[in-house]
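Visitor: Task: produce atomic coordinates for the following.
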Amino acid sequence: MAAPSFATDSKEIPDEVKEGELTRVDTKKRGEWTKKIDFFLALCGASIGLGNVWRFPYLCYKHGGGAFLVPYFLSLLIGGIPLLIIEIGLGQFTGQGPVTAWGMISPLFKGIGVAGLVIQALLDMYYAVVMAWGIYYLFWSFRAVLPYSTCDNHWNTPCCFATNAETNATTSSGDYNTTYELTTDTMFNASDECGNESASATVEFWNRKVLQIHLSDGIHDIGAVNWQLLLCLFFAWILIYLCVCKGVKTSGKVVYVTVPLPYILLTILLIRAVTLPNAVDGIVFYLKPNITKLQESQVWLDAGTQIFYSNSLGHGVLVALGSFNARNHNFVRDTLAYAGIGCGTSLFSGFVIFAVLGFMAGEQGKSVAEVASSGPGLGFIAYPEAITQMPISTLWAVLFFITLLLVGIDSQFVCVEGFITTVVDLFPKTLLRGRRREIFTAVVCFVLCMLGIPMVTHGGMYIFQLFDYYAASGFVLLWVAMFEYGVIGWVYGGRRFMSDITEMTGVRWIGPYLLFTWMFASPLFAAIISIFSLVAYEPLKYEDVYTYPWWGYMLGMIMIVSSLINVPIFIFYQFIFKSQGSIKERWTVLTTSRVPAYTCTSSIDEKDINLGKP
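Guide: Coordinates of the predicted model:
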């Protein structure tokens, strides 16, 4: 039977098709990708982010180099691709954001979309702070002598030492009224005299100038706002607003610049990095396989959580992006291509990072393991420190931080677009009239910016780490994923959803693989990884030195519960207040799909097409 050709002309679709309390709004009012490539680039922008640049390379070297690729690709096949197709397919099938989409598929599990909405809000609050750091470094990099390459700045201490062997500067510490000559010999003497108190110029710039964390005693004492960093945060949110103000009309065009440009810049950085002395040592260290590492459970845990985190799975953004597709768009092809590009980007970034770290280790006479790190430490300490040791360091610093900014803004504005789309779909009659969507977008950006201000205070890093560790942790995303697998595989029906995908795209060959993963392999995979994450849980510390107070951990747990609790709450609410009859009758009503029928043109009779009607 030939796959039907679905009509995409808005004239053939009623402005509003009501199904119970749900409303399908005309695509002309709601928005649609103008070109197929817009969706694919937005996909890449959503998920090819800082996790690819600074987390994957670190995990790869930490867990056996090339051997880590085994659990990584298995996690992608078992957990990643099946959920990518669920989320993007769900959005395209319903034409709605995550809350209303899950409500259409199965009203009982509408809470899955609400959980994703909470995760999106928490992510948007803190991810923009990373952009603010990048903008701050970028502004400071337009100097002949990079400020984080010397110790002659007012924020430096007598225990500062420059790792750049060419540095021969007079260091004046305004805080300590101390002046001394810093040379290659004396910088190590200063390090010896200060012991554990010594710090490189890049570390002091990060801690004392950017974060100003030395002015705070902990999360209980966040101190004053760093006004320069605050201005960078404002600037970041202005950029985000300009990207999403008109929905996919603007975001679909912005990705033409923000997605390919980082690849060009990363390629330039890679060419420079591999020509540095000792670069090969770093690359070998990065990829040298250690098969024995595969016996450790932590390796599999990190591989699984990295797939979910780096591919933006579990928080509804991909559902929102898919909802702007034409009904008959072949999203399966895009999904598979995107999954390959995402993994390739992670590997590619690792070559850039570890080539530089190999050079840096050789210059300092250390091993690569001693200079390698993950997270912000890699992006804002290790890499800038290596840049200071390169010829024409200003050029490489500007290129690197532009790359970091573009990679960050891709993920951030698409995530904000997902949040706004979700809310707009909940209140279409109100927010899709006139310029109300633009006004609402401005209000959302303003509120999220204000909520991020505590993270640009002196103690803001302590708050940022709580959000980063708990708000969208692997445990949270995995639990949401388990519900998604279960609802599609067993409640709505895996065969039924695969039939919907075939009717939209004409793709059939991937069916057996998807059915097996949705119904068996993927839920089991997510459950096992979740259990491992609970067993391996360790309380958060800042740089293994600062221990959070008990209420700090409680805040983290509240972030986790605030998203996950929505699923059981909505199940209870729907069962008790939104249905009548016996338990079996209520289950039947609440798990019956409410996806409306759509006008279609096909050579076969419309009654033969299963569009999710009960």
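
Visitor: Provide a list of residues in contact with the residue nearest to Ala527 when sequence neighbours are not counted.
Guide: Leaving aside its sequence neighbours, Ala527 sits nearest to Met482 (C-beta to C-beta, 6 or more residues apart in numbering; 6.2 Å). To be clear about C-beta, it is placed using only N, CA and C from the backbone, and glycine gets the same treatment. Counting by C-beta atoms under 8 Å, 6 or more residues apart in numbering, Met482 touches 523, 526-527, 530.

Visitor: Separate out the buried members of those.
Guide: Among these, those buried by neighbour count (16 or more other C-beta atoms under 10 Å) are 523, 526, 530.

Visitor: Turn the residues you listed into TSV, columns for secondary structure.
Guide: As requested, these are exported to TSV (DSSP: H, G, I helix; E, B strand; the rest coil):
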residue	secondary structure
Pro523	helix
Ala526	helix
Ser530	helix
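
Visitor: For the residues you listed, give me JSON lines that also has distance to Met131.
Guide: Formatted as JSON lines, the buried ones among the contacts of Met482 follow (distance: C-beta to C-beta, whole Å):
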{"residue": "Pro523", "distance to Met131": "35"}
{"residue": "Ala526", "distance to Met131": "30"}
{"residue": "Ser530", "distance to Met131": "30"}
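
Visitor: returning to that earlier point: and the two most separated of the contacts of Met482?
Guide: The most widely separated members of those, counting by C-beta to C-beta, are Pro523 and Ser530 (10.5 Å).

Visitor: how about the helices of the stretch 1-150 of the chain, start to end?
Guide: Ranges of helices in the stretch 1-150 of the chain, per DSSP state H, counting those that start in this stretch, are 27-30, 36-47, 50, 56-62, 69-75, 81-94, 98-105, 111-141.

Visitor: could I get the ones you listed as CSV with distance to Asn290, mean pLDDT and mean neighbour count?
Guide: What follows is the helices of the stretch 1-150 of the chain, written out as CSV (distance: least, C-beta to C-beta, whole Å; pLDDT from 0 to 100; neighbours: other C-beta atoms under 10 Å):
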stretch, distance to Asn290, mean pLDDT, mean neighbour count
helix 27-30, 51, 60, 16
helix 36-47, 28, 86, 24
helix 50, 26, 73, 23
helix 56-62, 10, 82, 23
helix 69-75, 11, 92, 19
helix 81-94, 27, 96, 27
helix 98-105, 40, 94, 28
helix 111-141, 31, 94, 24
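
Visitor: quick one: which of these is nearest Leu301?
Guide: helix 69-75 (9.1 Å).

Visitor: Just the C-alpha atoms of the closest one, please, in CSV.
Guide: Provided in CSV are the C-alpha atoms of helix 69-75 (Å, rounded to 0.1, in the frame of the first residue of the first chain):
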residue,chain,number,x,y,z
LEU,A,69,33.2,4.7,22.0
VAL,A,70,31.8,1.1,22.5
PRO,A,71,29.3,2.0,25.3
TYR,A,72,28.8,5.5,23.7
PHE,A,73,27.5,4.1,20.4
LEU,A,74,25.6,1.3,22.0
SER,A,75,23.8,3.9,24.2
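
Visitor: Would you confirm that Asn226 contacts Met455?
Guide: No - Asn226 sits out of contact with Met455 when judged by C-beta atoms under 8 Å, with a separation of 10.1 Å.

Visitor: Looking at the buried ones among the contacts of Met482, spot the one nearest Asn156.
Guide: Ser530 (45.3 Å).

Visitor: Identify the residues contacting that closest one.
Guide: The contact partners of Ser530, by C-beta under 8 Å, 6+ apart, come to 475, 478-479, 482.

Visitor: cutoff 10 Å now
Guide: Neighbouring residues of Ser530 by C-beta atoms under 10 Å, 6 or more residues apart in numbering: 301, 304-305, 474-479, 481-482.

Visitor: cool, Ile453 as well?
Guide: 129, 225, 229-230, 233-234, 460.

Visitor: How about Met455?
Guide: 125-126, 128-130, 132, 222, 229, 233, 461-467.

Visitor: next one: Gly223
Guide: So Gly223 contacts 212-213, 215-217, 457-460 (C-beta under 10 Å, 6+ apart).

Visitor: Quick check: chain neighbours aside, which residue is closest to it?
Guide: His458 (3.2 Å).

Visitor: Isn't that neighbour up against Ile222?
Guide: Yes - His458 lies in contact with Ile222 (C-beta atoms under 10 Å); the separation is 6.3 Å.

Visitor: Next, show the common contact partners of those two.
Guide: 215-216.

Visitor: Output the below-cut-off pLDDT ranges for this protein.
Guide: 1-29, 163-193, 195-197, 372-375, 377, 597-614 (pLDDT under 70).

Visitor: So which residues of it form strands?
Guide: Secondary structure of the chain (DSSP state E): strands located at 5-6, 16-19, 22-25, 160-161, 169-173, 178-182, 199-200, 541-542, 546-547, 600-601.

Visitor: so Gly64 touches Glu296, yeah?
Guide: Yes - if you go by C-beta under 10 Å, Gly64 and Glu296 touch, sitting 8.7 Å apart.

Visitor: more neighbours, those two?
Guide: Gly64 (23 against 12; other C-beta atoms under 10 Å).

Visitor: Counting neighbours, what do you get for the nearest residue to the more buried one once chain neighbours are set aside?
Guide: Spatial nearest neighbour of Gly64, chain neighbours left out: Lys293 (3.2 Å); criterion: C-beta to C-beta, 6+ apart. For Lys293, the neighbour count with other C-beta under 10 Å is 17.

Visitor: do Thr267 as well
Guide: By other C-beta under 10 Å, 12 other residues sit near Thr267.

Visitor: Check the gap between it and Pro260 for me.
Guide: 11 Å (C-beta to C-beta, to the nearest Å).

Visitor: likewise Lys36?
Guide: 16 Å.

Visitor: Also Ile119?
Guide: Distance, Ile119 to Pro260, using C-beta to C-beta: 28 Å.

Visitor: And Ser499, by the same measure?
Guide: Shown here: Ser499 relative to Pro260, a distance of 36 Å by C-beta to C-beta.

Visitor: Same drill for those two, tell me which one is more crowded.
Guide: Ser499 (17 against 13).

Visitor: Thought Gly493 was touching that one, still the case?
Guide: Yes - shown here, Ser499 and Gly493 form a contact pair, counting by C-beta under 10 Å, at 8.7 Å.

Visitor: show me the contacts for Gly80.
Guide: With C-beta under 10 Å, 6+ apart, Gly80 has these contacts: 72-74, 304, 306-308, 310-311, 313, 335, 339, 342-343, 481, 517, 522, 525.

Visitor: Only whichever of those residues are buried, select them in ChimeraX.
Guide: Applying 16+ other C-beta under 10 Å to the contacts of Gly80, the buried members can be selected in ChimeraX as follows:
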select :72,74,304,306,307,308,310,311,313,335,339,342,343,481,517,522,525
